[in-house]
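Colleague: Output the structure for:
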Amino acid sequence: MCSDDFDDYPAVAVHEWRKARKSHECCACDEGIRPGERYHYTNQLFDGSWQSWKHCARCYAICSALWADGAGSIEMELNCGEVWDDPPPEVAKLAFLTRAEAQELWSRKHDDQGTASDAE
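Modeller: Residues are numbered from 1 along each chain as shown. So this is what the prediction gives:
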């Protein structure tokens, strides 16, 4: 999956779940993130420049599954052109989650224990 030869690591990396106060757009699927929904925010400092990404719950679950599978470096937009020929069933079904199911998955994983900031 994607690139294993990634050797440029960020000087600073911030990863956090947030609860949207306004509309956003997922950087991977381009779907809207609605106010009240949980999304994953990543902010990284590379060579003096900050880069940030916002993922809906479904797309971040896919990113996490790729990292767990040993994908190494993946493009945060999930557009590296790679094909996962035989993904495990639990990973394959992530692509077809509805918005509500993705939010429910987030809630079950995080138990709403204050692991998301109520930002933006």
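Colleague: Go ahead and list the helix or strand containing the residue nearest to the spatial centre of the chain.
Modeller: Centre of the chain computed as the mean C-alpha position; nearest residue by CA atoms, centre = their mean is Y60, 2.3 Å away. Element membership of Y60 [criterion: DSSP states H and E] is helix 57-68.
Colleague: then that helix to PDB, C-alphas only?
Modeller: Extracted C-alpha coordinates of helix 57-68, given in PDB (Å, rounded to 0.1, in the frame of the first residue of the first chain):
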ATOM      1  CA  ALA A  57     -14.800   9.100  10.700                       C
ATOM      2  CA  ARG A  58     -15.000   6.600   7.800                       C
ATOM      3  CA  CYS A  59     -11.900   7.800   6.000                       C
ATOM      4  CA  TYR A  60      -9.900   8.000   9.100                       C
ATOM      5  CA  ALA A  61     -10.900   4.400  10.000                       C
ATOM      6  CA  ILE A  62      -9.600   3.400   6.500                       C
ATOM      7  CA  CYS A  63      -6.300   5.200   7.100                       C
ATOM      8  CA  SER A  64      -6.000   3.500  10.500                       C
ATOM      9  CA  ALA A  65      -6.700   0.100   8.900                       C
ATOM     10  CA  LEU A  66      -4.000   0.700   6.300                       C
ATOM     11  CA  TRP A  67      -1.400   1.700   9.000                       C
ATOM     12  CA  ALA A  68      -2.400  -1.300  11.100                       C
END
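Colleague: Now the element after it, going C-ward?
Modeller: Once helix 57-68 ends, the next helix or strand along the chain (criterion: DSSP H and E) is helix 89-92.
Colleague: which of the residues in that following helix are buried?
Modeller: Buried residues in helix 89-92, counted by 16 or more other CB atoms under 10 Å: V91. Bear in mind the C-beta positions are built from the backbone N, C-alpha and C, glycine included.
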